[in-house]
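*Asks:* just need the structure, nothing else, for what follows:
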Amino acid sequence: MNAYYSTLSGWIIPVTRAMKSLDIDPIETLVKFGIDPAEVNDPEGRICVESLGNLFSYCNKRVGHRQFNIEVARNFHPSALHALGYTVQSAYSLKEALERVSQYKRVVSNCSNMLTYESGNELIVELDVYRYTDSGRFVLSSDLIESFLATLVQLSRELVGGDLNPIRIQLTYEELADCPDVDAHFQCPVEFGCERNAVVLELDQANERAFGNNPIINQAHLEILDQFMTRVDKTNLTYLIENKILEELPLGAPSQAVVAKHLGLSLRNLQRKLAEQGTCYKDILDCTRKRLTLSYIRQPHMSISEIGYLVGFSNVANFNRAFRRWENCAPGEYRQNYLTGNALVEHLHPKVS
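*Replies:* Numbering: from 1, shown residues only. Presented below is the predicted three-dimensional model:
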């Protein structure tokens, strides 16, 4: 059993609900596949993903077709994803929410990487599934991949108020038999034999302000997520650096040397490790500042100068220059558009210089 690959125990909730709706005994079935039903009581518990994949296969055989994959997605609630679920629900837009899922994918499982990126007028949410080192087979079964993508679609619809259909779904495995439940759920072409597993969405719709947007709640849950990540993934250097930056920013942006010393690394060693991960300290600092700034700027009780101070800028002029680089507009303009509900045209369609 490859117990190293696991997923959050919160998945037990939609899984058991799906089994009940399809007249499958949930407790008996969970135990049959070595999954302790009591794990659902531990919000940070983990379950073996191979056992979960075998359970999905069993349930699909019981009901026929791949109905169980979709039924799990239909019974999904964001609370199953620990603090990540609440962060997603309070995000500014669907795009930001999906970017958070990608950023904190490790909360959900250690079986894959998730990438959210733009391509023309499309937003791509790609699931890059890992392989077992001994056999080379994918860690996630086709059932789990299909169900996860179906869950992303379900989540996306909830965030935008229900009126959303993807442009297309792309799957790497070979074409499967038609399944009415799959087609009815996705409401778009499903392409097999592709180079990636992905949900493709309309970028403009993904950029629209979400109904549940609440910057104060969002910031609080992001802080909980950062703390959670340092507990579950002590080897992830980026999370450790981000946490130190967040701790020091009100006193000024910490130097790379200060962060290296805090982590017990030499400056050269820190630079080497970050280069191996395809990043650098400057990029991590900039992304952390931007993320925090966009959260603060949406909170009208905070002044622009106060925000600049909290994200480590020595004066307002430097903060304004950085903000224009990030969002192609001044902080006050961004806030005014946000508060009045106007579309941030410059933000969504930046000018090409």
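*Asks:* so F228 sits against H82, correct?
*Replies:* Yes - if you go by CB atoms under 8 Å, F228 and H82 touch, sitting 6.6 Å apart. (Each C-beta comes from the backbone N, C-alpha and C, glycine too.)
*Asks:* tell me, what's touching the two both at once?
*Replies:* Residues touching both F228 and H82 by CB atoms under 8 Å, 6 or more residues apart in numbering: 44, 107.
*Asks:* of these two, who's got more company?
*Replies:* H82 (22 against 19; other CB atoms under 10 Å).
*Asks:* for that one, give me its contacts.
*Replies:* If a contact means CB under 8 Å, 6+ apart, then H82 has 8, 10, 43-44, 107, 225, 228 as its contacts.
*Asks:* give me the number of residues near D42?
*Replies:* D42: 12 surrounding residues under other CB under 10 Å.
*Asks:* repeat for N75
*Replies:* 19.
*Asks:* now I224
*Replies:* A count of nearby residues for I224, using other CB under 10 Å, gives 14.
*Asks:* equivalent analysis for R291, please.
*Replies:* R291: 20 neighbours (other CB under 10 Å).
*Asks:* pLDDT wise, what is it at?
*Replies:* Looking at R291, its pLDDT reads 87.
*Asks:* excluding its backbone neighbours, what's nearest it?
*Replies:* If the residues on either side of it in the chain are set aside, R291 comes closest to L222, at 7.8 Å by CB to CB, 6 or more residues apart in numbering.
*Asks:* and the furthest pair within the contacts of H82?
*Replies:* Farthest-apart pair in these is G10 and L225; separation 14.0 Å (CB to CB).
*Asks:* C111 - nearest residue in space that isn't next to it in sequence?
*Replies:* C111's closest residue in space is V139 (CB to CB, 6+ apart), at 4.4 Å.
*Asks:* need phi/psi at that neighbour.
*Replies:* phi -70, psi -40 (degrees, to the nearest 10).
*Asks:* list the residues that contact it.
*Replies:* 2, 5, 49-50, 111-112, 129-132.
*Asks:* just give me the least confident of these.
*Replies:* Lowest pLDDT among those: N2, 43.
*Asks:* that older thread, which one of the contacts of H82 is nearest V199?
*Replies:* Of all those, V199 sits closest to V107, with 19.0 Å by CB to CB.
*Asks:* tell me which helix or strand that closest one sits in.
*Replies:* Assigning secondary structure by DSSP states H and E places V107 in helix 105-108.
*Asks:* ok, back up a step: among the contacts of V139, which ones are in strands?
*Replies:* Applying DSSP state E to these, the entries found in strands are 112, 129.
*Asks:* so which of the contacts of V139 is the closest to V15?
*Replies:* Minimum distance to V15 across the contacts of V139 is 12.3 Å, recorded for V49 (CB to CB).
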